[in-house]
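> would you be able to build a 3D model of this:
(2 chains)
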Amino acid sequence: MPYCPRCGIELDSSTRVCPLCATPVPALEDLGPGEPAWPTSGVRAETQDPSKTYTTISERRNRVFWGIAGVFATAVLAVTATDLLTSKALTWSRYPLAALATGFFLLVSAIVWRRKIVLWAISWFVLVSLFLWILDIAGGNSGWSVALGFPLTVATYSVVALGVWATRAQRRGYNLFALFFFLADVELSAIDALVTAWTSGHFGWGWSLIATLALLPLAFFFGFLHFVLPRTPDFRRIFHFFPLP
Amino acid sequence: MDNAAKIFPSIASDRLTHLFRLTVNLEDTVQPEILVRALHAVLPRFPSFRFRLKAGFFWYSLVEDPQLPPVFPESASPCLPFGRTPRELFRVRWFARRLAVEFSHSLTDGVGALPFFKALTAEYLTLTGVSSEDPENLRRVQTFADPAEGIDEFQKLYDPTFPRFETWNKAFQPASSLLPKGQYAATVGHLSLKQTLALCRSRNATLTEYLAATLLAAFQDGFRTMTPDQQRRRARPIRLVVPINLRPIFRSKTLRNFFVVVPVEIDLRLGIYDFDEILRKVHHQLQAEMDAKLLKKQIMRNLRGELNPVARMLPLPIKALILKSVFGAYERRHTTSLSNLGSVSWPDGWSKKIRSVEFTPPPSPFCRTNVGVVSCGETLSITIGSLSADSSVEWAFFTRLLHQGLSVSIQSNREFLEV
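Alright, predicted model coming up:
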């Protein structure tokens, strides 16, 4: 019997690759090819086994891709045809067409890079920025995509990235609530400041101060529960609900 | 139908098939036409196996099946589903010198399947001209089946006064991707039973305890190869469950499911264990869990869900949705399982024509790697069934046995899978 040169484990005479460590096993001429331990795929194809009805991952992925592409292509054709028939030119349809194209590429990049989170995030950032720029161009090129759209995208991305990074903390509990309220406040303040800068030419905060007044105390409360109080706080003792024995 | 049988068909999927397999490797090539004759001769002698599944409005049920099933050629993966709407409850397969029967857990458990499997093998060998004395009447010639074989013992033991069972926390799961649907890797290691038992005795452990400790250590090896960030996020108890055959404890002859699982674990949050520590822990935990009262408490836990009035009133499709999520949460509380069927034997005349027996555990996408153990004569067969794309647990488990001085011979279908 052959042995795996890496594991040292005895293998079946028909084995060509060690099933434990995937090391190729040199064929021993004295032993001959050996009787296969399992049917090869050719044998399986001849049987009436339900296993042959399964498709491979790449086949399934292709099927999903063409299905999505078909749905989007139908929508694009319908929108374009309606606009051309009614206005004899591409007028209002430029917006839904840009949205459809962006939606399609967002979906495709999510499917292709679903296991590569960094590539996924970068592709979405580029696509969203591009979409805002196209909307800006289509609407008369007033420059809002660069001055307002891009900073807002960066702010939202930063807040989400901070949230994802922080949720990987070892001890998770009330700190996640604290984080949620804190980040919501940061995002709202950023939106307020950027919109104010775009409209009036200088940074400033208005309505977001009310949001801060509501959200920050909640963030501090949950942070206090998590970081200051013991793991299982005894609320009766903390708030003196009734005399303790 | 027993408790497990009602639940399993509702939650079955392409990967969660609930099919386990008993395989006998013969000295000569299997002749399928004789195998069909053997199956058709044996089946009427086991009335508790002549059933198929029927979906009702509230639950699945078993209905008698007058048809005699065919035999199927081997597939590249064992324990594959019967189809989208499973109705059959077992399937006989053949390939080269191998004869295998795949049983649905809705029909029976490993120990319950053994009498049928042994009878089929004995009948097949007899029809091929191999004669043997049959003192235990394995083939059940001219006898009537005992009605006690079809009893649901779980219902008999129900006692609503028993306290609730404490739930376990989430268990460690190795970081690995799943094999594509329709593929299940089975890696069988053949060892010398005498040599392995001598090693176990030298460590004051039973075979199950020793193998359970080795499997826990193999999972711990996988944990140690992870990055510090992965280790921090995945540090949970490695929980191995061992199915316990309840028939000898509650004196039952049933061939329906009659088992519960008991846990043994090491908690990775407390640090790394050496093998002696793991073996000691496994020994004490198994001893503590093997208590009839504790086992009965587990039976109550399994039955409570089924007897819940709200659950009973829900139609089957809605019940299936709820059961799927509940079962998924339950399975995530285990890392792996190890089933030891013990020794399987035939009288001398037939056993001369038998090389070895194998027991493949059912696949599960939650606990992706499970182990089935059975021995026949001098050969101990350990089958690691895995839906995981990488074979690191198999490698760690078998090389650990190798380093303990045991000679292990491996056979696997991984080579033929299209990953």
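
> now do the helix ranked longest in chain A: which elements does it pack against?
When chain A is parsed with DSSP state H, its longest helix is helix A:57-87. Packed against helix A:57-87 by the contact rule (3 or more CB pairs under 8 Å, 6 or more residues apart in numbering or on different chains; DSSP states H and E) you find helix A:94-112. For every residue, glycine as well, the C-beta is placed using N, CA and C.

> which residues does the helix it packs on contact?
Residues outside helix A:94-112 that contact it (CB atoms under 8 Å, 6 or more residues apart in numbering or on different chains): A:61, A:64-65, A:68-69, A:72, A:75-76, A:79-80, A:90, A:119-120, A:123-124, A:127-128, A:130-131, A:134-135, A:138.

> ok, which stretches of the chain are helices?
With no chain named, the answer covers chain A. For chain A, the helices defined by DSSP H cover A:41-46, A:57-87, A:94-112, A:117-138, A:144, A:150-166, A:174-200, A:208-227, A:235-239.

> try again with chain B
B:3-11, B:32-42, B:110-127, B:153-156, B:193-202, B:207-224, B:228-234, B:275-289, B:292-307, B:309-313, B:316-331, B:348-351, B:392-403.

> got a PyMOL select line for the buried ones in the contacts of helix A:94-112?
Remark: buried members of the contacts of helix A:94-112, expressed as a PyMOL selection using 16 or more other CB atoms under 10 Å in any protein chain shown:
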select buried, chain A and resi 72+75+76+79+80+120+123+124+127+128+131+134+135
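
> residue numbers of chain B in contact with chain A?
Neighbours of chain A within chain B, by CB under 8 Å from any CB of the partner chain: B:14, B:72-77, B:80-83, B:95-97, B:180-183, B:185, B:187, B:232-233, B:391, B:394-395, B:398-399, B:402, B:407-416, B:418.

> which of those residues count as buried?
Burial by neighbour count, judged by 16+ other CB under 10 Å, picks out B:14, B:72, B:74-77, B:80-82, B:95-96, B:180-183, B:185, B:187, B:391, B:394-395, B:398-399, B:402, B:408-416 from the residues of chain B next to chain A.

> now, those residues that are in strands?
B:72, B:95, B:185, B:187, B:409-412 (DSSP state E).

> max pairwise distance over the residues you listed: which two?
B:72 and B:409 (27.0 Å; CB to CB).

> ok, back up a step: Serialize the helices of chain B to JSON lines and add fields for mean pLDDT.
What follows is those, written out as JSON lines (pLDDT from 0 to 100):
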{"stretch": "helix B:3-11", "mean pLDDT": "75"}
{"stretch": "helix B:32-42", "mean pLDDT": "95"}
{"stretch": "helix B:110-127", "mean pLDDT": "96"}
{"stretch": "helix B:153-156", "mean pLDDT": "82"}
{"stretch": "helix B:193-202", "mean pLDDT": "96"}
{"stretch": "helix B:207-224", "mean pLDDT": "96"}
{"stretch": "helix B:228-234", "mean pLDDT": "87"}
{"stretch": "helix B:275-289", "mean pLDDT": "96"}
{"stretch": "helix B:292-307", "mean pLDDT": "81"}
{"stretch": "helix B:309-313", "mean pLDDT": "76"}
{"stretch": "helix B:316-331", "mean pLDDT": "82"}
{"stretch": "helix B:348-351", "mean pLDDT": "94"}
{"stretch": "helix B:392-403", "mean pLDDT": "95"}
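
> got those as TSV, with distance to residue B:59 columns?
Shown next, in TSV, are these (distance: least, CB to CB, whole Å):
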stretch	distance to residue B:59
helix B:3-11	5
helix B:32-42	29
helix B:110-127	20
helix B:153-156	14
helix B:193-202	42
helix B:207-224	34
helix B:228-234	37
helix B:275-289	30
helix B:292-307	9
helix B:309-313	8
helix B:316-331	7
helix B:348-351	40
helix B:392-403	36
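
> could you list the buried residues of stretch B:277-286?
For stretch B:277-286, by 16+ other CB under 10 Å, it's B:278-283, B:285-286.
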